[in-house]
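# Attaching a predicted model along with its sequence, questions to come.
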Amino acid sequence: MNPDSLVRKSEFEWWIPPVGRMRVPGVIYASEPLIVDMDEKVREQVSNVATLPGIQRASYAMPDAHWGYGFPIGGVAAFDPEEGGVVSAGGVGFDISCGVRALRTGLTAGDVESVKLRLATSLESTVPAGVGSRGQITLDEAGLDAMLAGGARWAVQHGYGQDADLEMTEERGCMADAHPEWVSARARRRQQHEMGTLGSGNHYLEVQRVAEVYDTRVAGAFGVDRDDVIVSIHCGSRGLGHQIGTEFLTEMAVAAPSFGIVLSDRELACAPVESELGRRYLGAMRAGINCALANRQIITHLVRHAFADVLPAAQLSLLYDVSHNTCKLEPHVANGAAKPLFVHRKGATRALGPGHPDLPDSLRDIGQPVLIGGTMGTASYILVGTDTGERLSFSSSCHGAGRAMSRHEAVRRWKGRQIIDELAARGIVVRSPSSRGVAEEAPGAYKDVSAVINAADRAGLSRKVARLEPMVCVKG
Amino acid sequence: MSACAASWEHFSHDADIGLIGIGPTKAEAFRQTAIALTAVVTEVEKVRPLTPVPIVCRAATDDLLLVEWLNALIFEMSVRSMLFGDFAVQISGGELRATASGERVDRERHEPAVEIKGATLTALRVEPVPAGWRAQCVVDV
């Protein structure tokens, strides 16, 4: 993207003034080099989102923004139902409530280093991952309904975790107002064997070492210190969420004209919040969020078992769980008034600042942990929500590195075995059922996550707390 | 003019993958996109067409029919834990009837790279080309 085509408001804030049917400006938070590397399609998609009915303040893009479907990945937009605001299946995406959770282990890197290979084997054999893998939990219709209504709370009630886990999960582990009855039979069938599975592609389970601490006060409050071992889990709502996204995307795209909504791009598929279709999507999508929360909770339970086999002294406690593909009803200030808005974050992480009432008591004065995944060869980050985040981006930050090249190109350049050997030489154990899958996810196929993190930090979206480096990576 | 040769290919869409199917008929172009779909996951030649699965879908337009077809395959791959290597496709009056033949995923032999979440409406096109048809769609992985 040509920086000269944008209005630079500050070092890390770039505006697209409203033209044509845009109701609000577009705002991109990034450094100049990140803007230069960004696809021109990001500008087009940010502008398209700005045309949707009821949008408030601006159509935002985070520093890791890249070409998505309708909305850019890394897009944030909020809608007021009182002004004809919409809810968009395209604005949430296929992997509803895909997210990251991080667990403290009570161990240091020195405790893990000598048993790394055994730990990798234990994790690989305990947590189902990759195409064709199946979970151990099969739910009947009543059980599925209960899971879709209860989320991680349902999982804990059924023995998969601890009450304390819920306190550190967004929505306290249970998304309210979910309507399992609006989740189709096909979506339910896709979930039949997928509870407690990691998935494939960019989803992972990593054992990580805290390589650097930037903010000792906040890190201390998060219970994180240099050289600590952290476990990170990145996955979402599995087949059920994918099917909900698939069905409503098409239904909303076809129905949009009947609501008088002109879509610049069919992938902006949406319906008024105050419509039968909008309400039905929200109810099903919230059930999808609960599916993702339950899934990450079950995987947490499996990870605890895998650790107990190899490192009985480990005490795995939940640092936090964030989702980065959601639409949530939140109170915000827009046009000088406080009002409830439907905030879409597509490849963007909620980042509540200090004092926010939705934070657990132990984090109220600190701010929300913001968990950002990297690649199996680089780094992940822990950040914290800021006082400025609400004003800048409805309390939102980035979600990852973003790809720098296609899967096809990655496979052309690298072999899976080569990547595994190179990372092994650096002390990183990679386990995956698919050599080609590893090549497609090669660290070199991703952008520099550090540049994205620094831009989020400098823009004031969230602040750096710690950098994590991989020790063991289980990929699907 | 002789009919165009049937073929498929992938194209890049940032984190995801675009499918193109070309054939002398619309049905053949759709068949080729199905082969391209399997090729996202594994090498098509590795999939033995042992078990046939019937698929029927309908849509008001050709491009939405392509989305329905690919989503039907993604659904069957997911719930049956199967990969498909051979396809017979007929299209008439907005209705597609097909048989997809394949086998259960064998992680050793197929080395499946990635699961497919769904077919998108991005870069979606079904159009006549000289002596045939071209169909394309981006799938989210």
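All right, it came through fine.
# all contacts plus neighbour counts: C-alpha atoms, from now on.
Will do.
# list the contacts for the closest residue to chain B within the stretch 251-400 of chain A?
Nearest residue of the stretch 251-400 of chain A to chain B: A:E267, at 5.8 Å (C-alpha to the nearest C-alpha). Contacts for A:E267 (C-alpha atoms under 8 Å, 6 or more residues apart in numbering or on different chains) come out as A:Y69, A:G70, A:F71, A:G90, A:L249, A:A253, B:T120, B:L121, B:T122.
# does the fifth one count as helix, strand or coil?
Three states are possible here, and by DSSP: H, G, I helix; E, B strand; the rest coil the one that applies to A:L249 is helix.
# ok, it - contacts?
A:A89, A:G90, A:E267, A:A269, A:C270.
# quick one: pLDDT of it?
pLDDT, A:L249: 95.
# before we move on, what about the last one?
Among the per-residue scores, B:T122 shows a pLDDT of 88.
# remind me which residues of chain A are low pLDDT?
By pLDDT under 70, chain A has no low-scoring segment.
# How about stretch A:362-379 and chain B, touching?
No. On the criterion C-alpha under 8 Å from any C-alpha of the partner chain, stretch A:362-379 is out of touch with chain B, staying 13.7 Å away.
# For that stretch, list every residue counted as buried.
A:363-364, A:366-379 (16 or more other C-alpha atoms under 10 Å in any protein chain shown).
# Restricted to strands, list those.
Here DSSP state E is the test, and the buried residues of stretch A:362-379 give A:P369, A:V370, A:L371, A:I372 as lying in strands.
# would you turn those into JSON lines with distance to B:A39?
Formatted as JSON lines, these follow (distance: C-alpha to C-alpha, whole Å):
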{"residue": "A:P369", "distance to B:A39": "39"}
{"residue": "A:V370", "distance to B:A39": "36"}
{"residue": "A:L371", "distance to B:A39": "33"}
{"residue": "A:I372", "distance to B:A39": "31"}
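# how about the residues of the stretch 301-450 of chain A that lie near chain B?
For the stretch 301-450 of chain A, the residues in contact with chain B (C-alpha under 8 Å from any C-alpha) are A:402-408, A:433-438, A:440.
# could you redo the last one with a cut-off of 10 Å?
A:402-409, A:432-441, A:445-446 (C-alpha under 10 Å from any C-alpha of the partner chain).
# surely A:Y29 meets A:A61?
Yes. With contact defined as C-alpha atoms under 10 Å, A:Y29 and A:A61 form a contacting pair (6.3 Å).
# where's A:S97 relative to A:P128, distance?
19 Å (C-alpha to C-alpha, to the nearest Å).
# ok, the two, which is more surrounded?
More crowded of A:S97 and A:P128, by other C-alpha atoms under 10 Å in any protein chain shown: A:S97, with 30 against 24.
# I'd guessed the more buried one sits against A:H324; true?
Yes. Contact criterion C-alpha under 10 Å: A:S97 and A:H324 qualify, at 6.0 Å.
# hey, what's in contact with both of these two?
A:G236, A:R345, A:K346, A:G347 (C-alpha atoms under 10 Å, 6 or more residues apart in numbering or on different chains).
# Nearest to chain A: which residue in chain B?
For chain B, C-alpha to the nearest C-alpha, closest residue to chain A: B:A113, 4.1 Å.
# Now that residue, what are its backbone angles?
phi -80, psi -40 (degrees, to the nearest 10).
# for the most centrally placed residue in chain B, helix, strand, or coil?
With distances taken as C-alpha atoms, centre = their mean, the residue of chain B nearest its centroid is B:A34 (1.7 Å). At B:A34 the chain is in helix, as set by three-state DSSP.
# Not counting residues beside it along the chain, what's closest to it?
Using C-alpha to C-alpha, 6 or more residues apart in numbering or on different chains and skipping the chain neighbours, the partner closest in space to B:A34 is B:L70 (6.8 Å).
# Now do the same contact list for the one you found.
Counting by C-alpha under 10 Å, 6+ apart, B:L70 touches B:30-31, B:33-34, B:37, B:57, B:64, B:76, B:118-120, B:137, B:139.
# Now for A:A149, how many residues are close by?
26.
# That one touches A:C174, doesn't it?
Yes. Using C-alpha under 10 Å, A:A149 is in contact with A:C174, at 7.5 Å.
# tell me, what's touching the two both at once?
A:R286, A:A287, A:I289, A:N290, A:C291.
# Out of the residues you listed, which sit inside helices?
A:R286, A:A287, A:I289, A:N290, A:C291 (DSSP state H).
# Next, count neighbours for the fourth one.
A:N290 sits with 33 neighbouring residues when counted by other C-alpha under 10 Å.
# nearest spatial neighbour of it, skipping sequence neighbours?
A:G151 (3.8 Å).
# contacting residues for the one you found?
Per C-alpha under 10 Å, 6+ apart, neighbours of A:G151: A:166, A:171-176, A:178, A:286-297.
# If B:V139 is in a bridge, with which residues?
B:I17, B:A119 (DSSP bridges).
# Tell me the predicted confidence for it.
pLDDT at B:V139 comes out at 95.
# helix, strand or coil for A:A253?
Per three-state DSSP, A:A253 ends up helix.
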